[in-house]
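Novice: Provided below for reference: sequence and predicted model.
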Amino acid sequence: MTFPMMAGLLVISTGAGWLISRYGKWKALVVSGSILQVIGLFLLGSIHYDTPFVLVATYMFILGAGVGLVMQNMVLVVQNSVAQRELGVASSAVNFFRTLGGTAGTAGLGALLAISIPNMLEDRKNELMQALASLGDKAAEVGAALNSGSLPEISSLPEPVRVILESTYGDAVAQLFAVAAPISIITVIAVLLLPNQSLSTQTRTERMRDEQGLVEVDPEHGLAAAAVTTEPHSPPRMPRRCTAGSGAGQRTGLGIHRTATPGELGGKVIHDEHGSSGRGRTGPGRPGAGGHRG
C-alpha cells in the first residue's frame, strides 16, 4: 500500500542528490519538497473508501517525493553548517529529533484515529441498525461480532455492514491527513527561513585544517584559499665557473661576486671555489691562454 510513496521517496531523493552534487544548490529543492509535502497531505485528506487506487497511489507518490527532497538533504545542510569536530553530534541530533517528531506524530494521530472511529460509528448508528435488520437471521451473529470489542474481519462481513465500516475507516484515515496538512506548513516556513549557505567543496582533512587556522575560507563561496605567508627571497643562483673577461665586475666560483681591477688581471691567476684556475689578461686585447706566462 505504501509502495508508491516509497518509490517517490527513492527516485526523487536520488535525482535531487545528483543535482545538488553537480550544481551545489540545495535550497530550491528543499523548499519544493516541503511544498510537495503539503500538497500531498491535502490530496490524501480528500480520499474516501471508494477512491480508485491509482489516484491514491498518485497522491502518495507526490507525498513521497516531497519527503525525499527534504529528509536527506536537510542532513546534508546541517553537516555543512557545523564544525568538523561537531559533525557526529549534529548528525545524531538530526536523527534524534526526527525520530522524536515521528514518535510524537504517530502517537497523536493514532489517538485521533482511535477517537474518531467510535464517534463516526455513533453518528451512523441508525444506518448500521438498518443494515443489521436487513440481514435477517445473521443479524444477531454480526451484532455480537461488532460488540465483542475487537474489529472483525471486514471481508467476512455482509455487504451492507461492510460498506458502512469501510467508509467509516476510510474517512477517519483521510481526516488524519487533513489534520497533518496544515501542520506541515510549518516545514515550509522553517525551510524558507534557513540561510542559503553554500555547500563546502572541501574534504574532511581540508576542513579540519581550516578550523585550525592554517587555511582561510571564503565565507561567500565556501572555497578554501591558502593563507601561507613566505618571506621574500632572491631566486637561487646556479653555480658557474669564472672566466676571464673584460670589465671590472666578475663572477667567481658558485656565483660569489668579486671585483677585479685591470692590475689584478695582469698575469695573475684567478682561483674559483672549485679549485680550477685561469690566467687573466697579459695585456690589452690578448687572451691569457695564448699570451705571456708569468
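Specialist: All right, it came through fine. Numbers count the residues shown, from 1 in each chain.
Novice: for the chain, what are the low-confidence residue spans?
Specialist: Scanning the chain for pLDDT under 70 picks out the ranges 1, 149, 202, 204, 211, 213-294.
Novice: so what secondary structure elements neighbour the helix or strand containing residue 186?
Specialist: Assessed by DSSP states H and E, residue 186 sits inside helix 159-193. Under the contact criterion of 3 or more C-beta pairs under 8 Å, 6 or more residues apart in numbering; DSSP states H and E, helix 159-193 touches helix 27-44, helix 87-123, helix 125-133. Just so you know, the C-beta spots here come from the backbone N, C-alpha and C atoms, and that holds for glycine as well.
Novice: now that helix, how far from the centre of its chain.
Specialist: Mean C-alpha position of helix 159-193 versus that of the full chain (C-alpha atoms, centre = their mean, to the nearest Å) differs by 30 Å.
Novice: gap between the residue lying closest to residue 121 once chain neighbours are set aside and residue 117?
Specialist: Once flanking residues are discounted, residue 121 sits nearest to residue 168: 5.8 Å by C-beta to C-beta, 6 or more residues apart in numbering. From residue 168 across to residue 117, the span is 6 Å (C-beta to C-beta, to the nearest Å).
Novice: same check, this time on residue 10
Specialist: Counting by C-beta to C-beta - residue 10 and residue 117 are separated by 32 Å.
Novice: more neighbours: these two, which one.
Specialist: Neighbours were counted for residue 10 and for residue 117 using other C-beta atoms under 10 Å; residue 117 has more, 18 against 13.
Novice: what helix or strand is residue 209 located in?
Specialist: Per DSSP H and E: residue 209 is located in helix 204-211.
Novice: most centrally placed residue in this structure?
Specialist: Nearest to the geometric centre of the chain sits residue 76, at 2.6 Å (C-alpha atoms, centre = their mean).
Novice: may I have the phi/psi pair for it?
Specialist: The phi/psi pair for residue 76 (degrees, to the nearest 10) reads phi -60, psi -40.
Novice: correct me, but it touches residue 197?
Specialist: No: at 10.9 Å, residue 76 does not count as touching residue 197 under the criterion of C-beta atoms under 8 Å.
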